[in-house]
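[1] Mind looking at a prediction? Sequence and model below.
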Amino acid sequence: MSRYRGPRLRIVRRLKELPGLTRKTPRRDYPPGQHGQNRKKLSEYAVRLQEKQKLRFNYGVTERQLLRYVRKARRVTGSTGQVLLQFLEMRLDNTVFRMGMAPTIPSARQLVNHGHITVNDREVNIASYQCKPGDVIAVKNRERSRTMVEANLKDPGLAHLPNHLEFDKQKLVGKVNGVIEREWIALQINELLVVEYYSRQA
């Protein structure tokens, strides 16, 4: 039970906009709690912790999963922060969300876990599956799956489809054409602070 299942707006009030977690906007623009309106200036550690928490809650990963992604990103040539974001964006649940098949990443994860999504004509029910260029992602050819996704497509979570993806709304089939570029990442975050936060850990 390490994945957060509490009130989502409480997290949004604390960390600001998280497009993958919820589409609701809080009525109050200050953090929750008794001292929400009188918060002191954040320490350097707190700022880095907050950026890390944005990644965790937006993409719905556990602390252990995120640490594993950071370690994997360190081994890849290039900017560790950018590679980390690409790993998270190329997860199957996030890709389904970005194609508009689900309004949020948690609902996209549910679609995947319940077997409504296929990758290259094979059912994949693992939300953390890493999509690769050339992968064809489609809705399973059964009425219940198609009805659910068609309803979600009427009001997608994000308005614009990233340039590394394509999606046919009639056939309910999409394709991954490449790896996402930094400017298409919807979450407002300083990934370098996340890397600095984890630099203290192994």
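    Nice, thanks for sending it over.
[2] C-alpha from now on. contacts and neighbour counts both.
    OK.
[3] what's the helix or strand for Thr147?
    Element membership for Thr147, per DSSP states H and E: helix 143-153.
[4] could I have that helix exported to CSV, CA atoms only?
    Only the C-alpha atoms of helix 143-153 are listed here, as CSV (Å, rounded to 0.1, in the frame of the first residue of the first chain):
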residue,chain,number,x,y,z
GLU,A,143,-17.1,-3.7,-26.8
ARG,A,144,-16.6,-2.8,-23.1
SER,A,145,-13.0,-1.7,-23.7
ARG,A,146,-13.9,0.4,-26.7
THR,A,147,-16.9,2.1,-25.1
MET,A,148,-14.8,3.1,-22.0
VAL,A,149,-12.0,4.6,-24.1
GLU,A,150,-14.4,6.4,-26.5
ALA,A,151,-16.1,8.1,-23.5
ASN,A,152,-12.7,9.2,-22.2
LEU,A,153,-11.7,10.6,-25.6
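[5] tell me what it is packed against?
    strand 136-139 (3 or more Cα pairs under 8 Å, 6 or more residues apart in numbering; DSSP states H and E).
[6] List of residues touching the strand it packs on?
    116-121, 145-146, 149, 172-176 (Cα atoms under 8 Å, 6 or more residues apart in numbering).
[7] can I get the residues you listed in TSV with pLDDT, neighbour count and secondary structure?
    Output for those, formatted as TSV (pLDDT from 0 to 100; neighbours: other Cα atoms under 10 Å; DSSP: H, G, I helix; E, B strand; the rest coil):
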residue	pLDDT	neighbour count	secondary structure
His116	93	22	coil
Ile117	94	28	strand
Thr118	94	18	strand
Val119	95	20	strand
Asn120	94	12	coil
Asp121	92	14	coil
Ser145	90	16	helix
Arg146	92	19	helix
Val149	91	22	helix
Leu172	92	18	coil
Val173	94	18	strand
Gly174	94	20	strand
Lys175	94	22	strand
Val176	95	20	strand
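[8] out of the residues you listed, who's nearest Cys131?
    Of all the contacts of strand 136-139, Cys131 sits closest to Val176, with 7.4 Å by Cα to Cα.
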